[in-house]
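Trainee: the sequence isn't on hand, but the structure is:
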């Protein structure tokens with residue numbers, strides 16, 4: 001299964017070299033964003049596309065996110081956080 005960014009950006013815009021989401025989790029908040037790599041003359045178009053993709057997550061455009069997709073994303077995030085904790089514990093035990 002491909003991500004929305006793969007389907008909606010990389011497959012439709014040949015001039016986009018990289019498009020991926022990122023997130024950081026903190027104690028009481030978090031940060032989510034999209035990064036893209038394009039040639040400098042395409043920066044304006046890239047910004048418009050990124051804004052459209054972020055709006056698609058919460059707005060009426062493209063029907064937003066379904067409850068099933070939200071539940072799946074939450075489960076993936078939980079798994080990612082647990083796996084990251086285990087990897088750090090193993091690294092600390094090895095020192």
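Mentor: On my side now, so go ahead. Because the structure is a prediction, the values reported are computed rather than measured.

Trainee: now tell me what touches stretch 12-22 from outside.
Mentor: Residues outside stretch 12-22 that contact it (Cβ atoms under 8 Å, 6 or more residues apart in numbering) are 3, 5-6, 9-10, 32-39, 42, 45-46, 49. Every residue, glycine included, has its C-beta placed from N, CA and C.

Trainee: buried subset of the residues you listed, written for PyMOL?
Mentor: In PyMOL, this line selects whichever of the contacts of stretch 12-22 come out buried by 16 or more other Cβ atoms under 10 Å:
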select buried, resi 5+9+10+34+36+38+42+46+49
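
Trainee: now do the phi/psi pair for the residue nearest the centre of the chain.
Mentor: When Cα atoms, centre = their mean is applied to the chain, the residue found nearest the centroid is residue 21 (2.4 Å). Main-chain dihedrals, residue 21, degrees, to the nearest 10: phi -90, psi 160.

Trainee: rewinding a little: and the contacts of stretch 12-22, which of them are in strands?
Mentor: 32-37 (DSSP state E).

Trainee: need those residues in a markdown table (columns: pLDDT and distance to residue 74).
Mentor: Below are the ones in strands among the contacts of stretch 12-22 laid out as a markdown table (pLDDT from 0 to 100; distance: Cβ to Cβ, whole Å):
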| residue | pLDDT | distance to residue 74 |
| --- | --- | --- |
| 32 | 84 | 13 |
| 33 | 86 | 18 |
| 34 | 88 | 19 |
| 35 | 91 | 22 |
| 36 | 93 | 25 |
| 37 | 94 | 28 |
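
Trainee: and which of those is nearest residue 73?
Mentor: Using Cβ to Cβ, residue 32 is the member of the ones in strands among the contacts of stretch 12-22 that sits closest to residue 73, with 10.5 Å.
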